[in-house]
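Predicted model and sequence follow; I will ask about them next.
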Amino acid sequence: MTTDGLLQAENLTKTYPLPGGERHTAAEAVTFTVPRGGALGIVGESGSGKTTVARMLVGLVRPDRGTISVEGKPREPRTPRGKAARLARAREIQMVFQDPYISLDPRLTAAQCVRTALRLHDKDESGAEALLDQVGLGTREAGARPRELSGGQRQRLAIARSLAVDPRILVLDEAVAALDVSIQAQILKLLDEIRGETGVALVFVSHDLAVVRHVTDEVLVMRRGRVVERGPTDGVLTAPEDPYTKLLLASVPGENWDPANAARARAALPT
Ligand SMILES: Nc1ncnc2c1ncn2[C@@H]1O[C@H](COP(=O)(O)OP(=O)(O)OP(=O)(O)O)[C@@H](O)[C@H]1O
């Protein structure tokens, strides 16, 4: 096992029971390293296993096999007992979900939400305004509850709350998928700035290749639970080698886009 890098996932495998006693493999032997301050994209179609990998990283799904290490230290599959150990674990990896509405407490204003996270981690609550400012939320938004914020503002708040913990790694699962493209661009720019300012590493899970192209250095392409291609994002998305990556790229509407090419690429894929 390599020991360099901030985050290491080694042979992560997860299966789920199927009716009839067999098991469905959602992720199989997924291995990658993310360097300090790096940004890794995990792409693939719906059902390829991206979310399963993201959830294993933060401990929401327990791998059948494989290990996750942060700075060479293995993460226990179970949440540790004791407040200090739990908080230390939370500081390693934070997650931002597609729909922050579900994960935000509807009763708390944006400022209260961030203050609560700071307090929990024994940090100075007066830092809340600076964090909200960092994600582009001003005084009016600071006093608003989630239902009074737009989708993009809610996602900014979810990011601010994650940053309050001062994490080493931020895992974002389809974090901009529900936003319209101009808001997506703003959030992607924000994430890039935050990465530059704080050195937080990003693991960016998305079905959207254009999104991953903007915010990641390296990319993994997943199909049916397996990594079928990996490498620098620009290289993989400009000159893909695997037929599945070619299919994903052929499926993106754009200039000279021809749905027939995507259909042909899919027909040529090995099953
Ligand atoms: N709790 C579960 N029980 C059974 N099967 C599951 C469970 N969670 C995921 N799966 C299956 O595992 C596979 C991978 O799912 P996963 O959610 O990781 O894919 P994904 O690439 O993130 O897809 P999407 O983009 O649609 O979320 C799918 O076939 C899914 O049906």
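Received the coordinates, thanks.

so where do the helices sit in the stretch 51-200 of the chain?
Per DSSP state H, counting those that start in this stretch, the stretch 51-200 of the chain carries helices over the ranges 83-92, 100-103, 110-120, 128-134, 139-142, 151-164, 181-198.

Pick the most buried one from the ones you listed.
Mean neighbour count (mean count of other CB atoms under 10 Å) peaks for helix 151-164 among the helices of the stretch 51-200 of the chain, with a mean of 24. Glycine gets a C-beta too; all of them are placed from N, C-alpha and C.

Can you spell out which helices and strands pack onto that one?
strand 93-96, helix 100-103, helix 110-120, helix 128-134, strand 169-173, helix 181-198 (3 or more CB pairs under 8 Å, 6 or more residues apart in numbering; DSSP states H and E).

Next up, the contacts around the residue of the stretch 151-271 of the chain found nearest the ligand.
Proximity to the ligand, evaluated over the stretch 151-271 of the chain using CB to the nearest ligand atom, is greatest for residue 207 at 5.3 Å. Applying CB atoms under 8 Å, 6 or more residues apart in numbering to residue 207 gives the contacts 43, 44, 45, 46, 50, 174, 177.

and what of residue 156?
135, 136, 137, 187, 190.

Specify which member of these is nearest to residue 63.
Residue 63 has its nearest neighbour among these in residue 187, at 29.3 Å by CB to CB.

Tell me which residue lies nearest the centroid of this structure.
Closest to where the C-alpha atoms of the chain average out (CA atoms, centre = their mean) is residue 172, at 2.2 Å.

My read is that that one contacts residue 202, right?
Yes. If you go by CB atoms under 8 Å, residue 172 and residue 202 touch, sitting 6.6 Å apart.

Show me where the protein dips below the pLDDT cut-off.
Along the chain, segments meeting pLDDT under 70 span 1-4, 254-257, 262.

so how far is the one helix or strand residue 29 maps to off the chain centroid?
Residue 29 belongs to strand 23-34 when assigned by DSSP states H and E. When distances are taken as CA atoms, centre = their mean, to the nearest Å, strand 23-34 is centred 15 Å away from the chain's centroid.

Spell out which residues of the stretch 101-250 of the chain are next to the ligand.
Contact residues (CB under 6 Å from any ligand atom) of the stretch 101-250 of the chain with the ligand: residue 207.

so can I have CSV of the contacts of residue 156 showing distance to residue 37?
Converted to CSV, those look like this (distance: CB to CB, whole Å):
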residue, distance to residue 37
135, 18
136, 21
137, 24
187, 19
190, 16
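
Please identify which pair of those lies farthest apart.
Of all pairs in the contacts of residue 156, the most separated under CB to CB is 137 and 187 at 12.1 Å.

hmm, back to that, give me the contacts around the strand holding residue 29.
By CB under 8 Å, 6+ apart, strand 23-34 touches 2, 4-18, 40, 49, 52-53, 56, 63, 66, 169, 201, 203, 218, 220, 222, 224-227, 230.

Buried ones among these?
Among the contacts of strand 23-34, those scoring as buried are 5-10, 12-15, 40, 49, 52-53, 56, 63, 66, 169, 201, 203, 218, 220, 222, 224-227, 230 (criterion: 16 or more other CB atoms under 10 Å).

so of those residues, which ones are in helices?
Among the buried ones among the contacts of strand 23-34, the ones falling in helices (DSSP state H) are 52, 53, 56.

show me what contacts the second one?
Residue 53 makes contact with 9, 12, 27, 30, 42, 205, 222, according to CB under 8 Å, 6+ apart.

Around the fourth one, count how many other residues there are.
By the measure other CB atoms under 10 Å, the count of residues near residue 30 is 24.

how about the nearest residue to it, chain neighbours excluded?
Setting aside the residues directly before and after it, residue 30 is nearest to residue 12 in space (CB to CB, 6 or more residues apart in numbering), at 4.4 Å.

Ok, residue 17 next?
Using CB to CB, 6+ apart, the closest residue to residue 17 is residue 23 (5.8 Å).

Any figure for the gap between that neighbour and residue 31?
Residue 23 sits at a distance of 21 Å from residue 31 (criterion: CB to CB, to the nearest Å).

which of those two has more neighbours?
residue 31 (16 against 11).

how much space is there between the more buried one and the ligand?
17 Å (CB to the nearest ligand atom, to the nearest Å).
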